[in-house]
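*Asks:* Okay, predicted coordinates and the sequence, questions at the end:
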Amino acid sequence: MADADDVRRLALALAGTVEIDSDGFDFRVGNRGFVWSYPQREPGKPRVIRTDIAVLYVGDEAEKQALVLGEPDLFFTIPSYDGLPFVMCRLPEVTVSRLRELITDAWDMRRPPE
């Protein structure tokens, strides 16, 4: 089981990572987001920042669909993210080891070329 503190620790351990001021967590590398808190929006209600759900950059739609279809208890998406390479991860359902892999992969795809 992982939580927002694990996200913060893992993200900040990666070179060039910057934390953006937010109500939850929001991490960027080279001014490109790679993991942040899920901004849940429901019609007629104010937005709620969910620190128990991480939004992760996954590179492309195929990878996103593979995660969502392969592990629906862990990953999901929403209509407003259709066509975008982002997936939501339920932190209480993911191990810290797997979260490290997901965050590192997202960081690696978003970091500037060396």
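*Replies:* Thanks, I have it. The shown structure was predicted, so the numbers you read here are calculated from the model rather than taken from an experiment.

*Asks:* In a helix, Met109, correct?
*Replies:* Yes - remark: Met109 belongs to a helix, assigned using DSSP: H, G, I helix; E, B strand; the rest coil.

*Asks:* Pro39 in helix, strand or coil?
*Replies:* Under three-state DSSP, the three-state class of Pro39 is strand.

*Asks:* do you know how far the closest residue to it other than its chain neighbours is from Arg41?
*Replies:* Excluding its sequence neighbours, the residue lying closest to Pro39 (Cβ to Cβ, 6 or more residues apart in numbering) is Arg47, at 5.3 Å. Glycine gets a C-beta too; all of them are placed from N, C-alpha and C. Counting by Cβ to Cβ, to the nearest Å, the gap from Arg47 to Arg41 is 5 Å.

*Asks:* Quick one: end-to-end distance for stretch 4-18.
*Replies:* Across stretch 4-18, the terminal residues are separated by 16 Å (Cα to Cα, to the nearest Å).

*Asks:* Let me see the residues that make contact with that stretch.
*Replies:* Residues outside stretch 4-18 that contact it (Cβ atoms under 8 Å, 6 or more residues apart in numbering) are 19, 24-25, 27-30, 34-35, 37, 51-52, 54, 91, 96, 99-100, 103-104, 107, 111-112.

*Asks:* can we see that at 7 Å?
*Replies:* 19, 24-25, 27-30, 35, 51, 54, 96, 99-100, 103-104, 107, 111 (Cβ atoms under 7 Å, 6 or more residues apart in numbering).

*Asks:* I'd like to know which of the residues you listed are part of helices.
*Replies:* Val96, Leu99, Arg100, Ile103, Thr104, Trp107 (DSSP state H).

*Asks:* Buried ones from those, can you make that a PyMOL selection?
*Replies:* Only the buried entries of the ones in helices among the contacts of stretch 4-18 go into this PyMOL selection, using 16 or more other Cβ atoms under 10 Å:
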select buried, resi 99+100+103+107
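
*Asks:* Throw the ones in helices among the contacts of stretch 4-18 into a markdown table and include distance to Phe76 and pLDDT, thanks.
*Replies:* Shown next, in a markdown table, are these (distance: Cβ to Cβ, whole Å; pLDDT from 0 to 100):
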| residue | distance to Phe76 | pLDDT |
| --- | --- | --- |
| Val96 | 20 | 98 |
| Leu99 | 16 | 98 |
| Arg100 | 20 | 98 |
| Ile103 | 18 | 98 |
| Thr104 | 21 | 98 |
| Trp107 | 21 | 98 |
